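Trainee: Mind looking at a prediction? Sequence and model below.
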Amino acid sequence: MYSLRIGEKLKNPLRLCAIDWKSTDFVHAHSHENGNKDAIEEEEQAHLSARLHSPKNLPWHPITSNFCAWDTLLPRDGILASGRNFQNRGQPVARPSWSGQLQISLVSFGVSLFPATELASQISLHQIDRKTGERIRHQKVSQDEEAVDRADIIKGYEFRKGEYVTIEPDEIAHLRIPSKRTLKIVQFVDASEIALAFFEKPYFVVPQDGAQEQAFAVIQKALRETGKAGLGEVAFAGRERLVALLPPSDPKSRGLMAYTLRYAAEVRDASKYFSDIKEQDIDKDQLTLAKELIRRGTAKFVPTKFEDDYEVALRELIDAKVKHQPVPREEKAPKRAKVINLMDALRESVNQQDSPGKKKPKASGLKLVKPKSRSKKTA
């Protein structure tokens, strides 16, 4: 039996609460059915639509939970207004998460960071009251259970039980952090020195305009040929982040990648989990078979070969219910033959292993179950 434990821990215990600026009461979420639907829907969609509906198109910030003129964290213009037109098959790409100066010693040029990932899930499930079939909605309420308008909510820090110091969005926006505008590379390391546990999220790094491309290209090529990664810090999305700057794995790519890294305080000490594992004497024959098993199962990594089976199964379940068809159910796992010892298991695994790169048909593990028909009560 194996246990999988989360290796990341929260670095900063500083938590800001939502405060009603009129009464300075703590604001919490309240679930209900069919309340003020317009206000609640607006609250639920705020993160997605704030930039479109905010006054002067000011950005939405997750820490302030309000509109704030924090141009250095999420610029309204930035690279998109610099004359460079980023398109992807006719569609505009995502807005930059950060734009500013990349500084290496006395060399400095403008760059923008774009998120390299996006949510692929197309299924959004809502909370429903089983008895009434009504959707459960959330509303911001104060301690006296009265609804609070989003415009009246600011942030606050509980410095003593029940007592808060309030913080305005504008005060957060003007925090004195040099890295809001400049990503300064402070040192270089071998990329292989950075443990995988520290990598958090990837970003595409591009020059802001044509005038920045020469310096950008020189640094990109130098990083690629030296195999080094540049380390620096940059502030956006509500916190300062440690960043590793290095060229993409594709040797033909002319861009750069920035990976946000977890700080040391955010990664748990592995020895606390691994220290109880006793050292074992490794049998040479078993090791040889294990290596052969790995060799035969080795193939080139093709990301498109893998998909979220949970998403697929959930979609099949939803479609079946919508169309009133038999509901897919998980089949019982077949009983496995009793393994006598590790050597026999390795030998049998090697014998059954397909040739590298050969894709085996995927078993769905689902069977169709007809939905139970509800009998109508006669009067």
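Mentor: Everything's here; your move. Residues are numbered from 1 along each chain as shown.
Trainee: which stretches of this structure aren't confidently modelled?
Mentor: Applying pLDDT under 70 to the chain flags residues 1-93, 337-340, 354-379.
Trainee: which residue ranges form the helices in this protein?
Mentor: Here the chain has its helices, by DSSP state H, at 37-44, 46-53, 169-173, 213-226, 271-274, 284-296, 309-322, 342-352.
Trainee: Make JSON lines from the ones you listed and add mean neighbour count and distance to Ile153 to it.
Mentor: In this view, the C-beta of every residue, glycine as well, is placed from N, C-alpha and C. Formatted as JSON lines, those follow (neighbours: other CB atoms under 10 Å; distance: least, CB to CB, whole Å):
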{"stretch": "helix 37-44", "mean neighbour count": "14", "distance to Ile153": "10"}
{"stretch": "helix 46-53", "mean neighbour count": "13", "distance to Ile153": "11"}
{"stretch": "helix 169-173", "mean neighbour count": "16", "distance to Ile153": "10"}
{"stretch": "helix 213-226", "mean neighbour count": "15", "distance to Ile153": "41"}
{"stretch": "helix 271-274", "mean neighbour count": "9", "distance to Ile153": "40"}
{"stretch": "helix 284-296", "mean neighbour count": "13", "distance to Ile153": "55"}
{"stretch": "helix 309-322", "mean neighbour count": "13", "distance to Ile153": "34"}
{"stretch": "helix 342-352", "mean neighbour count": "14", "distance to Ile153": "58"}
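Trainee: Just put those in CSV and tack on distance to Asp149.
Mentor: Rendered in CSV, the data for the helices of the chain read as follows (distance: least, CB to CB, whole Å):
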stretch, distance to Asp149
helix 37-44, 7
helix 46-53, 12
helix 169-173, 15
helix 213-226, 46
helix 271-274, 47
helix 284-296, 60
helix 309-322, 35
helix 342-352, 62
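Trainee: quick one: which of those helices is nearest Val141?
Mentor: Closest to Val141 of those is helix 37-44 (CB to CB; 11.2 Å).
Trainee: Outline the domain layout of this protein.
Mentor: Following automatic domain parsing, the chain resolves into domains at 17-122+174-266, 284-369.
Trainee: Next, count neighbours for the closest residue to Asp319 other than its chain neighbours.
Mentor: The shortest distance from Asp319 to any non-neighbouring residue, by CB to CB, 6 or more residues apart in numbering, is to Gln325 (7.7 Å). Using other CB atoms under 10 Å, Gln325 has 13 other residues around it.
Trainee: what do you get for the one 3 residues further on?
Mentor: Per other CB under 10 Å, the neighbour tally for Pro328 reads 18.
Trainee: just checking, it touches Arg315?
Mentor: No - assessed by CB atoms under 8 Å, Pro328 is found out of contact with Arg315, at 10.2 Å.
Trainee: quick one, phi/psi of the residue nearest to Asp319?
Mentor: Main-chain torsions, Gln325, degrees, to the nearest 10: phi -110, psi 170.
Trainee: and the gap between it and Ile318?
Mentor: Counting by CB to CB, to the nearest Å, the gap from Gln325 to Ile318 is 11 Å.
Trainee: now swap in Val148 and tell me
Mentor: In this view, Val148 and Ile318 are 35 Å apart by CB to CB.
Trainee: of all the helices of the chain, which lies closest to Gly133?
Mentor: helix 309-322 (13.3 Å).
Trainee: Report all helices and strands that the closest one contacts.
Mentor: Contacts defined by 3 or more CB pairs under 8 Å, 6 or more residues apart in numbering; DSSP states H and E place helix 309-322 against strand 327-330, strand 366-369.
Trainee: Just the buried positions in stretch 324-337, please.
Mentor: Applying a neighbour-count criterion of 16 or more other CB atoms under 10 Å, the buried positions in stretch 324-337 are 327-328.
Trainee: let's number from 6 now, not from 1
Mentor: Let's use 6 as the start, then, which means that last one is stretch 329-342.
Trainee: In CSV, list the C-alpha atoms belonging to that stretch.
Mentor: The C-alpha atoms that make up stretch 329-342 are tabulated as CSV, following Å, rounded to 0.1, in the frame of the first residue of the first chain:
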residue,chain,number,x,y,z
HIS,A,329,-32.7,9.4,-20.9
GLN,A,330,-30.4,6.6,-21.9
PRO,A,331,-28.9,3.9,-19.7
VAL,A,332,-26.5,5.3,-17.2
PRO,A,333,-22.8,4.2,-17.5
ARG,A,334,-21.6,2.5,-14.3
GLU,A,335,-18.1,1.3,-13.3
GLU,A,336,-17.5,-2.4,-13.7
LYS,A,337,-15.8,-4.4,-10.9
ALA,A,338,-12.1,-4.8,-11.5
PRO,A,339,-11.2,-8.3,-12.6
LYS,A,340,-9.5,-10.4,-9.9
ARG,A,341,-5.8,-10.6,-10.4
ALA,A,342,-3.8,-13.8,-10.1
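Trainee: Alright, calling it a day.
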